[in-house]
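Colleague: Need the 3D shape of this:
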Amino acid sequence: MPAAVDDLVAEADASLERAAEAGGEKPDEDVLSQERSDELFRLFDEVRLRTFLAYPDPRSNFEALTMEAFTRAYLDLPADASDEKAYERIMDEAMQLAANDRAYFAERRGRPALYIPSLVDLFGFKAGEEFHSWLTEVDNLKIAPRAAFHLRAMYEMTNRKASKVLGCSEGWTSKLYSRAELHLTSAGVPVEELKKGFFDVEFKRR
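Modeller: Numbering: from 1, shown residues only. A predicted model of the protein is given here:
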């Protein structure tokens, strides 16, 4: 979770305090902060994962998109807004930002930087203990094999397409992916089951 979420918590707390004091009430600061913090963390994780599932693209920084969506939408919500209302508002903003990202990349020339997120951060909050341990093994891969694994397994790219994204030969991309698979298999990770879990984790591992 990015440190900037702490800033959102502080701003949200201040907004709620002002609203409560205007009504002649003094809020319980500890309860207020903890409740708001828990809500923000839960919403952040949910929005980030759903945005990724809707617009899977290795060029998009889904953590930054989600943070921007929160900055634009969350703090403008009324203090008494329901969780459902907050979720819908932030999701709308995040989806629009992701769509804008895709349109921008479609027009841009050259090879953009890749965003290789921590899979524990992205999927872990929805995963069971075993699946979580598999994600940890992927996160522990060296950056080049990890990037190749992300592109081939998580984004379901062909070796040829992945090599173009990485900017290296097809042979080298294949070698990087094989290294990742070998490391994961040696660590006891069932790679095929892991790959299937990426896009059903949200629904089947709640």
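Colleague: ok, Leu166 - contacts?
Modeller: Leu114, Ala147, Ala148, Leu151, Thr173, Leu176 (CB atoms under 8 Å, 6 or more residues apart in numbering). Just so you know, the C-beta spots here come from the backbone N, C-alpha and C atoms, and that holds for glycine as well.
Colleague: distance of it from Leu184?
Modeller: 19 Å (CB to CB, to the nearest Å).
Colleague: So which other helices or strands are in contact with the helix or strand containing Ala86?
Modeller: Following DSSP states H and E, the helix or strand that holds Ala86 is helix 83-107. On a contact count with 3 or more CB pairs under 8 Å, 6 or more residues apart in numbering; DSSP states H and E, helix 83-107 meets helix 29-54, helix 62-73.
Colleague: Would you format those as CSV with mean pLDDT and distance to Asn159 included?
Modeller: Converted to CSV, the helices and strands packed on helix 83-107 look like this (pLDDT from 0 to 100; distance: least, CB to CB, whole Å):
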stretch, mean pLDDT, distance to Asn159
helix 29-54, 75, 22
helix 62-73, 88, 24
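Colleague: Report the mean confidence score over stretch 126-141.
Modeller: Mean per-residue pLDDT for stretch 126-141: 90.
Colleague: what's around Phe44, how many residues?
Modeller: 22 (other CB atoms under 10 Å).
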